[in-house]
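Peer 1: Sequence and predicted structure are below.
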Amino acid sequence: MLPVVRHLPPAARTLRLWLWAAAVGALAAAATLAFRALTQQVEYLATGYRGGLVDAARSLAPWHRALVCAIGGLVAGALLQAGLAWARRGPQGDKHLDYLDAARIGEAHLNDRTTLARTLSALVSVGTGASIGREGPMVQLSAWIASVLARHLPFTAEQRNILMVCGIAAGIGSAYHAPVASLVFVLELALGFFARNTLAPVFIASATSSALIYWLVEPAPLYVMPTVPMKATSLGLALAAGLLFGAIGWALLALLERTRLAFRRIRSLTLRLGLGGLLAGLLSAAVPQVWGNGYSVVSAVLQGELLWQALAVILLTKVVATALSSGSGAIGGVFTPSLFVGAAAGSTLAQVAALWLPAALVGDPRVLAVIGMAAVLAAVTHAPLMAIVMVLEMTNQFQLTVPVMLAAGVAHAVSTQFGAQPLYGNPIEATR
């Protein structure tokens, strides 16, 4: 730390950290928008279409969808392989530290070269229809920008780590329109709830990024849907559904892990991602809705636009496509596809139950869709508090707080009983 900074009074040093946290929030919002714009450009180059990935897939012939995914996988794999070879010649080698792992061990210096290589690969994978989320690379990019900023500022090691964590929270807040959930995310999955010195900067960074996105780009929750009522029967339904969603989350984690192990037998990253792209592309030839992170399908589910027959087919195909894309090593998240699985499974379950049970007992399928989003997310992340807050923020359905809490708690309990490794690893083991 520079002598002039060291001699500042504590209040001035704290205010300085807060101001830089706000700057990190602004940079994270800019990074989110830039990544989104670049993926749309890749989508246009690959398909000639600007807009949602599912709409782009529908605009193409079935053979064309499969071809785009296969070529996209090959290009993404080649970029990743070449990027990691370039990283090996750098000062940090090709070792890559995930942003959450970095936060858990207090390491604010993320690998510049591997981050850039993975970001370029993610742009191609996401833009050519891989069945993964674009939000994961957005958050990694935001954390890396904060890391670079912290390295060049006269901060202590603790303050540098706080700024990097601010980048994580700001990236999540801007990507999902969920500033409160972003705070719970870093506390529950990385830092622990006693990280008192980190709270205010993280709040500031997340609030700044989310506010900029809300005021300048999208003044609405991530998922716009009408208000759905909670009935007394919603609690019993949530309890029963939580058991099922917990099993679904556990099964999804197991499928992802087995698929990754199978693809690791292929040594070449180019061939590995190319094969994953080809197989996911062949699925998209029959079901175009598997392209992308599933946002448009979830939006349709929350508007009550899809019947269970079509939704069940989309759900099963999407799960397989996500396992193929993620398992092959395509750089992208499984967080948003998990929301897809919960929404689709919840709506399907409610519609099928309505065939056998009184409609008054089952209620609106959209209620169970929202409950399913939180429950499956809790099951795959083992972070039920984050899942509850995030889904309520994203859908603006706070009247469903009690059934969402009940289902997420039960699903988390079920998933953890079988020893599955959570989506973001074990925060307790990572800090030992």
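Peer 2: Arrived safely, thanks for sending.
Peer 1: which of the residues in the host helix or strand of E158 are buried?
Peer 2: Using DSSP states H and E, the element containing E158 is helix 157-176. By neighbour count on 16 or more other C-beta atoms under 10 Å, the buried set for helix 157-176 is 159-176. To be clear about C-beta, it is placed using only N, CA and C from the backbone, and glycine gets the same treatment.
Peer 1: longest helix in this structure, by residue count?
Peer 2: helix 10-47 (DSSP state H).
Peer 1: Remind me what it packs against, helices and strands.
Peer 2: Counting contacts by 3 or more C-beta pairs under 8 Å, 6 or more residues apart in numbering; DSSP states H and E, helix 10-47 is packed against helix 53-58, helix 62-88, helix 112-127, helix 135-151, helix 157-176, helix 196-216.
Peer 1: I'd like to know which of those is closest to A12.
Peer 2: helix 157-176 (13.4 Å; C-beta to C-beta).
Peer 1: immediately after the closest one, which helix or strand?
Peer 2: Downstream of helix 157-176, the next assigned helix or strand under DSSP H and E is helix 179-186.
Peer 1: Quick check: which helices or strands does that following helix pack against?
Peer 2: So helix 179-186, by 3+ C-beta pairs under 8 Å, 6+ apart, packs with helix 157-176, helix 196-216, helix 384-395.
Peer 1: now the angle from it to helix 157-176?
Peer 2: Interaxial angle, helix 179-186 versus helix 157-176 (axes from the mean of the first three to the mean of the last three C-alpha atoms, to 10 degrees): 130 degrees.
Peer 1: Mind listing residues that contact helix 179-186?
Peer 2: Identification of contacts with helix 179-186 by C-beta atoms under 8 Å, 6 or more residues apart in numbering yields 103, 165, 168-173, 176, 198-199, 202-203, 206-207, 209-211, 383, 385-386, 389-390, 393-394.
Peer 1: sorry, back to before: report the angle between the longest helix of the chain and helix 62-88.
Peer 2: On the basis of the same axes, to 10 degrees, helix 10-47 is oriented at 140 degrees to helix 62-88.
Peer 1: For helix 10-47, buried residues please.
Peer 2: Buried, per 16+ other C-beta under 10 Å, within helix 10-47: 13, 16-18, 20-29, 31-33, 35-36, 38-40, 42-43, 46-47.
Peer 1: Skipping its backbone neighbours, what lies nearest the residue most central in space within the chain in space?
Peer 2: Taking C-alpha atoms, centre = their mean, the centroid of the chain lies closest to F335, which sits 3.4 Å from it. Closest residue in space to F335, ignoring its immediate chain neighbours: G133 at 5.5 Å, by C-beta to C-beta, 6 or more residues apart in numbering.
Peer 1: dump the residue contacts of the nearest residue to E218 once chain neighbours are set aside.
Peer 2: Excluding the flanking residues, the one nearest E218 by C-beta to C-beta, 6+ apart is H177, at 7.0 Å. For H177, the contact set (C-beta under 8 Å, 6+ apart) comprises 210, 213-214, 218, 220-222, 393-394.
Peer 1: For K95, see how far away H177 is.
Peer 2: Applying C-beta to C-beta, to the nearest Å, the value for H177 to K95 is 33 Å.
Peer 1: same check, this time on S268
Peer 2: Counting by C-beta to C-beta, the gap from S268 to K95 is 20 Å.
Peer 1: what's the answer for L306, then?
Peer 2: As judged by C-beta to C-beta, L306 and K95 stand 44 Å apart.
Peer 1: So the two - more neighbours on which side?
Peer 2: Higher neighbour count among L306 and K95: L306, with 23 against 10, using other C-beta atoms under 10 Å.
Peer 1: Checking that one next. Helix, strand or coil?
Peer 2: Assigned with DSSP: H, G, I helix; E, B strand; the rest coil, L306 falls in the coil class.
Peer 1: Now it: closest residue in space, sequence neighbours ignored.
Peer 2: Per C-beta to C-beta, 6+ apart, closest to L306 is A300, 5.3 Å.
Peer 1: just to revisit the earlier point, can you redo the contacts of H177 as JSON lines with pLDDT and neighbour count?
Peer 2: Shown next, in JSON lines, are the contacts of H177 (pLDDT from 0 to 100; neighbours: other C-beta atoms under 10 Å):
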{"residue": "S210", "pLDDT": "90", "neighbour count": "26"}
{"residue": "I213", "pLDDT": "89", "neighbour count": "22"}
{"residue": "Y214", "pLDDT": "85", "neighbour count": "17"}
{"residue": "E218", "pLDDT": "80", "neighbour count": "12"}
{"residue": "A220", "pLDDT": "81", "neighbour count": "9"}
{"residue": "P221", "pLDDT": "86", "neighbour count": "17"}
{"residue": "L222", "pLDDT": "87", "neighbour count": "20"}
{"residue": "E393", "pLDDT": "94", "neighbour count": "23"}
{"residue": "M394", "pLDDT": "93", "neighbour count": "23"}
